[in-house]
Structure formats: structure tokens, C-alpha cells
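Engineer: structure of the sequence below:
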Amino acid sequence: MKLLSIVAVCLLSFTLNGCDSHESSHALPSTHAMQIQHLTLLVEHAINIAAQGADLKQLGDTHADALFKQSADLLRRAMSGPEMSAMHKGGSGASPAMQHLHDLGAAAFDMLDMMMSTPSKQFPTHARQLHLALSMATEAASLNTVADMRMALDIDASMQKHSTAMHASAVQVLQKNIANANYEQAISKVVQLLSNHSPQTMSHQH
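Structural biologist: This is a model prediction of the structure:
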């Protein structure tokens, strides 16, 4: 299964930023901010599923293909669904949070394509450690995304603290097992974007 058409949709969606009104402030309507947060969670979950699929592929388990398909479907849903189109038409495409989401989605598509097209026998020696680091980074980023919703401030602070520690551990594992191969660099790019958490987009009122 090739994802080139999916990547094209993602990049096309990103270019819609040029059609958005460029105002001095990138403040988002609360509805759009919440949608971006939920779509970010969806992308992060898709990345985690891809990591699990790659682990199964390395083990020769045929369930890997099903997980790769689920990951691709979720990425497509997040990056080219009706919410994305509506937000761009509504002028939210130029916001930092939206740009972060597009960068993460595009890198996730590239990584997934690499995982699907690389024969399991050509996986890097430390592929399982790379996949583990990727899963840790996605879980850490998702904790931050939920904490940014500001629905339970004391708990949110604890989540962010744990997220920071968890991501640091993920980076340590990654750095010990990284090289210049395309496969490893595709994973490294996603982990880096997950660490560059998007700016806080909204605070819920209680």
C-alpha cells in the first residue's frame, strides 16, 4: 500500500494556509482550538499504532498490515477530514497550533510509508528500541495535549511534569540507537516534532 496520494492530500491541505487571512494575532476560536487538540491526539495515536505495526512486522506477524492500515486511516481522517477544511476556510490555518499539526501529520505519513515499504529483514539492528522510543514520545505528547485543555489544573500540572520526564527518556533511548539511515531519520523527525509541543491553544473555563 502506497501513501503517496495521502501525503499529497496532506501537503495540499497545508498549502491552504496561504489562503487564510494573515492577521496580526493567531488567536483561535475556541471551537477550532478544541478541534485542533483532538486532531492532534488522533495523529499521535496513529503514530503509536504505526510503531506497534512496525514491531509486529519485524516479528513476522501478519497483523502488522492491519495496524498500518488503521494508522493510515486515522492520519487521513485527521489531516483531510471535514474539520480541517472548515478550519482553513474559517481562517485558522495560519495559527502555530495548526502549523504544528500539519508538520507532525506530514512527518507521520513519511514515517509510515517508510515502515511499510522497508522489508523487515532490512530494519535497523535496534529497530525495536526505536519503535519503543517512538511510542514513549507519542504517549508523552498526548499527555501534554490533554493537559493543554486545562480541564483539571492540578492534574494537568502532574501530567505535564510526567510528560516531560517521559519524553526525555524517549530521546535518550533514541539517541543511543540512532544512525543516518533513512528509516531511523524518519522516526527521529517525528520524535523531534512530538517534543516541539504546539503552543497552548485554549484554556477551558470552569
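
Engineer: contacts only, for residue 156.
Structural biologist: Taking CB atoms under 8 Å, 6 or more residues apart in numbering as the criterion, residue 156 is in contact with 146-150. (C-beta placed from N, C-alpha, C; glycine too.)

Engineer: give me that answer again for 7 Å
Structural biologist: Applying CB atoms under 7 Å, 6 or more residues apart in numbering, we find residue 156 in contact with 147, 150.

Engineer: which strands or helices does the one helix or strand residue 114 maps to pack on?
Structural biologist: Per DSSP states H and E: residue 114 is located in helix 96-117. Packing contacts for helix 96-117, counted by 3 or more CB pairs under 7 Å, 6 or more residues apart in numbering; DSSP states H and E, involve helix 4-15, helix 30-58, helix 63-80, helix 182-195.

Engineer: worst average pLDDT in these?
Structural biologist: Ranked by mean pLDDT, the helices and strands packed on helix 96-117 bottom out at helix 4-15, which scores a mean of 44.

Engineer: just how off-centre is the helix holding residue 114 within its chain?
Structural biologist: 6 Å (CA atoms, centre = their mean, to the nearest Å).

Engineer: got it, and stretch 123-139?
Structural biologist: Put simply, stretch 123-139 sits 14 Å off its chain's centre (CA atoms, centre = their mean).

Engineer: quick one: mean pLDDT for it?
Structural biologist: Per-residue pLDDT values over stretch 123-139 give a mean of 95.

Engineer: for residue 56, give its distance to residue 71.
Structural biologist: From residue 56 across to residue 71, the span is 12 Å (CB to CB, to the nearest Å).
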